[in-house]
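A.B. asks: generate a structure from the sequence data that follows.
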Amino acid sequence: MIKIRWHGHSCFEISDSVTVVTDPHDGSSIGIKPPNVKADIVLVTHDHYDHNKVKVVEKEGTRVIRGGNETIGGIEVESFKAYHDKEKGAKRGEITMFKFTVDGITFCHVGDLGHVIDDETAEKIGHVDILFIPVGGTFTIDADEAIEVCKKINPKVVVPMHYKIGGLSLPIERVEPFLENAGKNCEIRHVANEIEIEKDDLPEETEVWVFTL
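C.D. replies: From the prediction side, this is the model:
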């Protein structure tokens, strides 16, 4: 059984016997609560202050990954380069998209993706069960562009992230525009702050899972 928990913004906790945390923030810098978790593995997609606060979630022996491909504690991690903007990184630099497998479920976290990926990149990423994707625009792809990326990757579950919530100080859009668009073709499922799943629980048709704090 895998637990998926949202800690706000782009920070998620995926855990069974090993705990993976993506893009930790410190809470106070962006106006929300800090993550309350200690990680075995931390995936950092880029070194911006709202994604790289490793100290908040690390413990003795925590492994921090910023790129490359490796297997740690049975967790297979692959990385793919992309950009934080539409100018091939000229404005905000490169990011790392991560694909990792936990208990047979394949996750992909695309960080602050700033452009629609091409077909070649989507083919390299390959099969994805659960996709974490930004939808708030301004610093990342917006709702419509996120839909395009979802179509290219075609996951079983889409989890929107990096959007405006209560207290968040960043000037980005709320999740509703994405849900309105996605809801034309997908079921929208609200899963509160966390969910426990097994591979057999994954839907046959693509669903959008919306987490709340």
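
A.B. asks: let me see the mean pLDDT of the lengthiest helix in the chain.
C.D. replies: Looking across the chain with DSSP state H, the single longest helix is helix 143-153. Model confidence over helix 143-153, given as mean pLDDT, is 97.

A.B. asks: check which helices and strands it sits against.
C.D. replies: helix 119-125, strand 130-134, helix 176-182 (3 or more C-beta pairs under 8 Å, 6 or more residues apart in numbering; DSSP states H and E). In short, each C-beta sits where N, CA and C put it, glycine included.

A.B. asks: tell me which of the ones you listed is the most buried.
C.D. replies: strand 130-134 (a mean of 26; mean count of other C-beta atoms under 10 Å).

A.B. asks: now do that one, average pLDDT.
C.D. replies: Strand 130-134 comes out at a mean pLDDT of 98.

A.B. asks: residue with max distance from the center of this protein?
C.D. replies: Counting by C-alpha atoms, centre = their mean, the extreme residue of the chain relative to its mean C-alpha position is Glu60, 24.4 Å from that point.

A.B. asks: mind checking how far that one is from Lys199?
C.D. replies: Taking C-beta to C-beta, to the nearest Å as the measure, Glu60 falls 31 Å from Lys199.

A.B. asks: and for Gly183?
C.D. replies: If you go by C-beta to C-beta, the gap between Gly183 and Lys199 works out to 25 Å.

A.B. asks: once you drop chain neighbours, what's closest to Ser15?
C.D. replies: Distances taken as C-beta to C-beta, 6 or more residues apart in numbering place Lys3 nearest to Ser15, at 5.0 Å, with adjacent residues excluded.

A.B. asks: list the contacts of the one you found.
C.D. replies: Neighbour list for Lys3: 13-16, 194-196 [criterion: C-beta atoms under 8 Å, 6 or more residues apart in numbering].

A.B. asks: recalculate using a threshold of 6 Å.
C.D. replies: Taking C-beta atoms under 6 Å, 6 or more residues apart in numbering as the contact definition, Lys3 lies against 15, 194, 196.

A.B. asks: Pro35 touches Phe12, doesn't it?
C.D. replies: No: using C-beta atoms under 6 Å as the test, Pro35 is too far from Phe12 to be in contact (9.3 Å).
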